[in-house]
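# What would the 3D arrangement of this be:
(2 chains)
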Amino acid sequence: MLLEIKNLHAAINGKEILKGINLSINKGEIHAIMGPNGSGKSTLSSVLTGHPDFEVTEGTVFYEGKNLLELSPEDRSREGIFLSFQYPVEIPGVSMVNFMRAAVNEHRKYNNLEPVSATDFLKLMREKRAIVDMDSKLTGRSVNEGFSGGEKKRNEIFQMAMLEPKLAILDETDSGLDIDALRIVANGVNTLRTPENTTIVITHYQRLLDYIKPDVVHVLYKGRIIKTGGPDLALELEKKGYDWLKTEADEYL
Amino acid sequence: MKAEQQYIDLFTQYETLIRNHSSEVLNKYRASAFADFERLGFPSIKHEDYKYTDVAQAFAPDYGINLNRIDVPVNPYDVFRCDVPNLNTALYFIVNDSFCDKVKPDVTLPEGVYAGGLKAFSEQNPAIAERYYGKAASGGKDGIIALNTMLAQDGFVIYVPEGVVVEKPVQLVNIFRSDVDTMANRRILVIMEPHSQAKLLVCDHSIDDVKFLATEVFEIFAGENACFDLYDLEESNRSTTRFASFHVKQEASSNVLVNGITLNNGLTRNNYYIELNGEYAEATLCGMSILDAEQQVDIYSHITHAAPNCTCNELVKNVLNDRSVGAFSGRILVKEGAQKTVAYQTNRNLLITREARMYGKPQLEIYADDVKCSHGMTTGRLDENALFYLQSRGIPKEEAHMMLSVAFTADIVENVRLDGLKERLHHLVGKRFRGELAQCVGCHGCQ
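Residues are numbered from 1 along each chain as shown, chains lettered A, B, ... in the order given. Coordinates of the predicted model:
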């Protein structure tokens, strides 16, 4: 078991958003988490990566047998968790190169490795950039500054390629992408796949799942997982929408 | 008039001595400056522009002044070794307030250019000195300038004749070195004749831990189509107080950049007065301070658009940690008839702690109707989302904090038009945020 979430409750500003999530993910699997707006999808990704605005009020999360909730956001990253942000932040004045070099070297330090040499680092940047077809001009700029929506999402997958996570969480990576950008981003994710790494795809729509095929699909609603199924569930949702599930769930909740 | 009295007594008693160790041109203004000082005294904190800096208190202690111009035993090259090395400049030194003529830079400046002591210059070229000295900075309105004018005996001059381009940057290092509490009155005169170009880097250092007090008056004249950069880098120490005022007069099509950076200090007040007197003149005023502990920086600027088609761009940033205090009061005045003025003012401040304080007052005063002007001021904390973004990639919180602080000041450094200095500043700012610069004060640790 790579990730085991039990009865997870989380709140922001005293308002409970997650109301008892149970989720188990094995190494190498792709899980899709779908659900209507406001159901808690992004909150789940924030809690898993340790965003300070969210408070875990109940439950446990174990990652590779470690108590994830005790780790700082930076240690979670060094342990191999990566979040592709729904809204990547623009950071004027911090160059992509410095940012990535710092990140890569922090990961290396954590694993008792020497810092990467300047030439090796540039070579690494070049290789990984190719995966998402990212222009060298973009990596020469400040982090996400002036990037288009599509470029920001590509940049997320580029960073993922640089850091080679064991668990990647893609939070609405398809939002704001046109069909070409979507294909590039999805291809990037598929290129990075190995039997060893695991992906959680958070999405509102089926369309990303045409490219990144999930093994398991969960539906999140009002802070709980109300249905789990195979890839067919995503197709069914695409056809029927969420209402039939909502009605079903509302009877219990 | 308590704080003023000791300076009045000092001048009355030692006027002859002061005069004997200075030049005709400088002496000419002494009596009127003394009268101004007696009349004005120090600006009081009740004065709107001096609300956050208690001037009288800063001048109250008993400081020694080297009126007799006794040699201070110091080898400036030793002192200076560690902070801005590898910058290829024509290097000059002022020790306390005496121009140091024992060490000469190993460079030849273009013919006709003078870089050196003010006293010597005004003795050798009284006609030129007289035309400019005291013409931009008037003691008639400001007691501190009056005090500087009545006491200053020497300083630094850079004079660039018409059409001459000085390729090599000129660097002036102001050094405080003394075993007793010392006051220095420095005077810097920059004369850029039409179509001339030069860049001046001024660095302030304090070597000893005794109390230092400096008054610095810069007069900068940029003739038609002249181009001049001033980089003022203060890296003194906690026990140094400085009152500096920069007076810039620009003729048509001149381009002046003033970039004032405080990396380390005790209490600093910087006044900037820029006058755009000829059409198509362009001024850039940048400022940045990085403060912690009880450090204080108070910036006042007054930019006057007196002619049409001029541009000014003002950008001031402060990073305040611990219990430090910052103040910014910026005024841009667009006079009647100064049409097609473009004037931008931006002040951004970063508060690292709850205890740090920033006071800001942006002002635009416009008497022309066809202008493009804006001002903006923000004071806040680091962007939590950006911090989290960096952390989520494995960068520790403290490091992420530092990266974002450095990034906050990046555009001030980007405005530097002197390549070696830009790289050096990136390095120094990083060091400053890591707290390493503080250990280097006075270079004790490096020797």
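
# Tabulate the CA atom coordinates of the least confident helix or strand in chain A by mean pLDDT in PDB.
Least confident helix or strand, chain A: helix A:243-252 with a mean of 80, by mean pLDDT, DSSP states H and E. What follows is helix A:243-252, C-alpha atoms only, in PDB (Å, rounded to 0.1, in the frame of the first residue of the first chain):
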ATOM      1  CA  ASP A 243     -27.200  14.500 -10.300                       C
ATOM      2  CA  TRP A 244     -28.200  10.900 -10.100                       C
ATOM      3  CA  LEU A 245     -25.300  10.200  -7.700                       C
ATOM      4  CA  LYS A 246     -26.100  13.400  -5.700                       C
ATOM      5  CA  THR A 247     -29.700  12.400  -5.200                       C
ATOM      6  CA  GLU A 248     -28.600   8.900  -4.100                       C
ATOM      7  CA  ALA A 249     -26.100  10.300  -1.700                       C
ATOM      8  CA  ASP A 250     -28.200  13.100  -0.300                       C
ATOM      9  CA  GLU A 251     -30.700  10.400   0.900                       C
ATOM     10  CA  TYR A 252     -27.900   9.000   3.100                       C
END
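
# Counting by contacts, list what that helix packs against.
Judged by 3 or more CB pairs under 8 Å, 6 or more residues apart in numbering or on different chains; DSSP states H and E, the packing partners of helix A:243-252 are strand A:216-221, strand A:224-229. The way it works is simple: take the backbone N, C-alpha and C, and place the C-beta from them, glycine included.

# just the CA coordinates of the first one, formatted as PDB?
Meaning strand A:216-221. Extracted C-alpha coordinates of strand A:216-221, given in PDB (Å, rounded to 0.1, in the frame of the first residue of the first chain):
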ATOM      1  CA  VAL A 216     -10.000   3.300 -10.300                       C
ATOM      2  CA  VAL A 217     -12.500   6.100 -10.300                       C
ATOM      3  CA  HIS A 218     -13.800   7.800  -7.200                       C
ATOM      4  CA  VAL A 219     -16.600  10.300  -6.900                       C
ATOM      5  CA  LEU A 220     -16.200  12.900  -4.100                       C
ATOM      6  CA  TYR A 221     -19.300  14.700  -2.900                       C
END
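
# gap between the residue of chain B most remote from its centre and chain A?
Residue farthest from the centre of chain B, counting by CA atoms, centre = their mean, is residue B:392 at 40.6 Å. According to CB to the nearest CB, to the nearest Å, residue B:392 stands 5 Å off from chain A.

# From what I see, that residue and residue A:78 are in contact.
No - at 10.8 Å, residue B:392 does not count as touching residue A:78 under the criterion of CB atoms under 8 Å.

# which SS state does residue 7 fall under?
Picked chain A for this. strand (DSSP: H, G, I helix; E, B strand; the rest coil).

# List the contacts of it.
A:20, A:21, A:22, A:58, A:59, A:60 (CB atoms under 8 Å, 6 or more residues apart in numbering or on different chains).

# ok, now with 7 Å
By CB atoms under 7 Å, 6 or more residues apart in numbering or on different chains, the residues touching residue A:7 are A:20, A:22, A:58, A:59.

# what sits opposite the closest residue in space to the third one that isn't next to it in sequence in the beta ladder?
I take that to be residue A:58. Spatial nearest neighbour of residue A:58, excluding adjacent residues (CB to CB, 6 or more residues apart in numbering or on different chains): residue A:9 at 3.9 Å. Residue A:9 forms beta bridges with residue A:19, residue A:58, as assigned by DSSP bridges.
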